[in-house]
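Participant: show me the folded form of this:
(chains A and B)
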Amino acid sequence: MIFQKSTSKNIEQEVETVANFTEPQADEVETVVGPSVNVEGDFASEGNIIVKGTVAGSVHTSRFLSVEPGAKIMANVRAGSAKIAGEVKGNLKVRDSLELTSTAKVAGDIEVKVLSIEPGALLCGKVIMPGLESADGRPARVRSRRGEESTVPAME
Amino acid sequence: MYVYLYDNFLRQKKHDSLIKAMEVRLTDYGISGKILRLNNFTDPKQIIDEEIRRGAKTIVIVGNDATFGYVLSKAATCNCLFGFLPVGPNNTIASVLGIPEGIDGCDVLSKRRKERLDVGWMNNRYFVSQLHVPPAQIKVIYDERFAVTTKDKMEVVVCNLQPFYWKKDKKDKTSEVVHPQDGKLEAFLRPLTRRGWWGYKYEEPSIFPFEEMEILSNTPFTVEADGKVSKEIKVKIKLAHSKVEMIVGRNRKF
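Facilitator: Numbering: from 1, shown residues only, chains lettered A, B, ... in the order given. Here you go, the predicted structure:
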């Protein structure tokens, strides 16, 4: 019995040390602009960006950008992929996919490969999507007005 | 050759037995060496440079977080291998480095698992674990590209080795942990907003990884780097890549 108890404790200790060792690797820090924080200038990051406050100037990331509800971006945005639930005043250039949720307000042109718009999202600007060529060989442009849903079909 | 830098508080009787036991263990491993005691008025860089000149290869800091910060803030540029033996209260950096407290620390030291660490540079000195600016009206400029401001006061914590623990409010029992990344410093900004007539309320923190940042203010603000407090108007913080070579444990958290 004594031996059994000691071995189980040892195993528990080992598991704990392994858990302690692996814990930090699972947790990845990314750039977070918290609420009630104002960022001004060329805001660039190599990692993911989560915006909950206000950003003015320009935003650039090669990875994922998330604009939370209540957040305001008054800047041109370039990102790998993005999910917008807040307000954006400026042009959006997204490499892969862009998702506009029902609370999103976008005033500016969008250039994106895959676009998904939830009902209720507000969009005012041109949408340019590569892949759908028009008669003159240029990428197709879809014009939408404020309060109207884009004519581009929503893609899951 | 090993040189041991003992903190002044280790003269206290309560540490005697542990220090004796550690010295015996170090002698068993054949890594005992010269013992020097640090005082408030001694410059660790001068001492270490002198010992390196005499042939020292490994400098071992014996004490707590304050000792570790005090020695490395001055001596980070010294060309030698550093070790750390945590003794006494206030030892949080040791766990990050994977060095157990007490006699077991000697085992880690004897294994000589070397790792190069990034250190932060602040105005004219280095910091290893953390830099803290208590709530003040400040402006933060990152990489000379963008500025971060708030309406009211803001608290700044810059993490290098040590993780940052924060709570949403006083009632929040689970403290959130953000672990430092490699190759960059992490700055955590917590704005404060007025709550009614009295007091302030902490907002959700912002996180910015960076290589260079400036903290500016019109009025002097307090800066605490590795336990050393000073008043500044402008602080420039940079990252010095792989500056310190250190003996670390297997269970290190980076």
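Participant: from now on I want contacts and neighbour counts done on CA atoms only, so please keep to that.
Facilitator: Noted.
Participant: give the contact list for residue B:113.
Facilitator: B:247-250 (C-alpha atoms under 8 Å, 6 or more residues apart in numbering or on different chains).
Participant: what's the answer for residue B:111, then?
Facilitator: Here residue B:111 is in contact with no residue (C-alpha under 8 Å, 6+ apart).
Participant: circling back: just the closest of the contacts of residue B:113 to chain A, please.
Facilitator: residue B:250 (8.9 Å; C-alpha to the nearest C-alpha).
Participant: may I have the phi/psi pair for that closest one?
Facilitator: Reported as degrees, to the nearest 10, the phi and psi values for residue B:250 are phi -70, psi -30.
Participant: can you list the weak-confidence ranges in the chain?
Facilitator: Defaulting to chain A. Applying pLDDT under 70 to chain A flags residues A:1-29, A:132-156.
Participant: wait, I meant chain B there
Facilitator: Looking at chain B by pLDDT under 70, you get B:162-182.
Participant: mind listing what's buried along the longest strand seen in chain B?
Facilitator: As assigned by DSSP state E, the longest strand anywhere in chain B is strand B:228-247. Within strand B:228-247, the residues that count as buried by 16 or more other C-alpha atoms under 10 Å in any protein chain shown are B:234-235, B:237-240, B:243-247.
Participant: do the same with stretch A:112-130
Facilitator: Under 16+ other C-alpha under 10 Å, the buried positions of stretch A:112-130 are A:112-117, A:121-129.
Participant: and the longest strand anywhere in chain A, what does it pack onto?
Facilitator: Longest strand in chain A, counting residues (DSSP E): strand A:122-133. For strand A:122-133, the packing partners by 3 or more C-alpha pairs under 8 Å, 6 or more residues apart in numbering or on different chains; DSSP states H and E come out as strand A:105-107, strand A:110-111, strand A:139-144.
Participant: given it, what are its sheet partners and their directions?
Facilitator: If you go by DSSP bridges, strand A:122-133 pairs up with strand A:105-107 (parallel), strand A:110-111 (parallel), strand A:139-144 (antiparallel).
Participant: residue of the stretch 51-200 of chain B closest to chain A, please.
Facilitator: residue B:146 (4.2 Å).
Participant: next, count neighbours for that residue.
Facilitator: Residue B:146: 19 surrounding residues under other C-alpha atoms under 10 Å in any protein chain shown.
Participant: so residue B:51 sits in a helix?
Facilitator: Yes. Secondary structure of residue B:51 (DSSP: H, G, I helix; E, B strand; the rest coil): part of a helix.
Participant: so for it, what's the nearest residue that isn't a sequence neighbour?
Facilitator: Nearest residue to residue B:51 in three dimensions, chain neighbours excluded: residue B:3, at 7.7 Å (C-alpha to C-alpha, 6 or more residues apart in numbering or on different chains).
Participant: correct me if wrong, but the one you found is in a strand.
Facilitator: Yes. Looking at residue B:3 with three-state DSSP, it is inside a strand.
Participant: mind listing the residues bridging to it?
Facilitator: residue B:34, residue B:59.
Participant: is it true that it touches residue B:62?
Facilitator: No. With contact defined as C-alpha atoms under 8 Å, residue B:3 does not count as touching residue B:62 (10.3 Å).
Participant: end to end on stretch B:66-83, go ahead and measure it.
Facilitator: Between the start and the finish of stretch B:66-83 there is a gap of 15 Å, counting by C-alpha to C-alpha, to the nearest Å.
Participant: which single one of the buried residues of strand B:228-247 is nearest to residue B:70?
Facilitator: residue B:244 (14.2 Å; C-alpha to C-alpha).
Participant: next one: the closest one from residue B:3, what distance?
Facilitator: Distance from residue B:244 to residue B:3, by C-alpha to C-alpha: 17 Å.
Participant: and residue B:199, by the same measure?
Facilitator: Taking C-alpha to C-alpha, one finds residue B:199 at 50 Å from residue B:3.
Participant: looking at these two, which is more packed in?
Facilitator: Using other C-alpha under 10 Å, the more surrounded residue of residue B:199 and residue B:3 is residue B:3, with 23 against 9.
Participant: and the more buried one, what does it touch?
Facilitator: Here residue B:3 is in contact with B:33-36, B:51, B:56, B:58-60 (C-alpha under 8 Å, 6+ apart).
Participant: residue B:10 belongs to a helix?
Facilitator: Yes. Residue B:10 forms part of a helix when assessed by three-state DSSP.
Participant: show me the contacts for it.
Facilitator: So residue B:10 contacts B:16, B:63 (C-alpha under 8 Å, 6+ apart).
Participant: next up, phi/psi of the residue positioned nearest the centre of chain B, please.
Facilitator: Central residue of chain B (C-alpha atoms, centre = their mean): residue B:129, 2.5 Å from the mean position. With angles defined as degrees, to the nearest 10, residue B:129 sits at phi -100, psi -60.
Participant: any idea how far residue B:86 is from it?
Facilitator: 15 Å.
Participant: that older thread, between the buried residues of strand B:228-247, which is nearest residue B:69?
Facilitator: residue B:244 (12.5 Å).
Participant: show me the strands in the stretch 151-254 of chain B, by range?
Facilitator: B:154-159, B:164-166, B:176-178, B:185-194, B:200-202, B:206-210, B:212-225, B:228-247 (DSSP state E, counting those that start in this stretch).
Participant: that'll do, ta.
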